[in-house]
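Asks: just to be clear, the model below is a prediction. Sequence and coordinates:
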Amino acid sequence: MSDLIKIEKPELPARIEKLRDFIVIRRREITAYRAKLRALDDIGLVEKRKEVLGEAQNKAEEVLAAEAELGALLEPLTEGHEATSAKGRSSLPPGISHKQSHEIQKINKHWEIAEDFMAESRENEQIATHTGLIKWINIAKALPSD
């Protein structure tokens, strides 16, 4: 599937906090796009729906690329460490849970699979999601290698 479309990672903020904020804001924008798509479905504006879907797909891909970038920035913070210290303080930045850190590091580690997932989502006229990508990666890892 990697012969489909190669997704370019956009220019993203370089700091963990700014990336985290970027991701939160973009996810909210995607939610608004989904509402707009439902409204366009209700009134039957097919061409406008295609345009809005493309915009939503672009935003979703930006979010996944930002998550991969954040995963790369978090990796050195978590490498060889438990999620919490002996004193009960998190080794992760505020606002990022152990589960979120693990999943976004997984996205970074398996970016080729993420590209396939995003291309497949576009082909199926769907919006790529974090949850869908994590499931896709888990399935791809479970398949026997060629």
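Replies: Received the coordinates, thanks. Numbers count the residues shown, from 1 in each chain.
Asks: buried ones in the biggest helix by length in the chain, by neighbour count?
Replies: As assigned by DSSP state H, the longest helix anywhere in the chain is helix 46-78. Of the residues in helix 46-78, 49, 52-53, 56-57, 59-74, 78 count as buried by neighbour count, 16 or more other C-beta atoms under 10 Å. Every residue, glycine included, has its C-beta placed from N, CA and C.
Asks: where does pLDDT dip in this protein?
Replies: Counting by pLDDT under 70, the ranges of the chain that qualify are 1-14, 80-90, 146.
Asks: centroid-nearest residue for it?
Replies: Geometric centre of the chain, nearest residue: L64, 2.3 Å, by C-alpha atoms, centre = their mean.
Asks: coming back round to it: tell me the gap between the longest helix of the chain and the middle of its chain.
Replies: With C-alpha atoms, centre = their mean, to the nearest Å as the basis, helix 46-78 stands 5 Å off its chain's centre.
Asks: so which residues of this protein form strands?
Replies: Using DSSP state E, the chain contains no strands.
Asks: how about the helices of it, start to end?
Replies: Ranges of helices within the chain are 16-43, 46-78, 98-109, 111-123, 130-142, based on DSSP H.
Asks: understood, closing this out.
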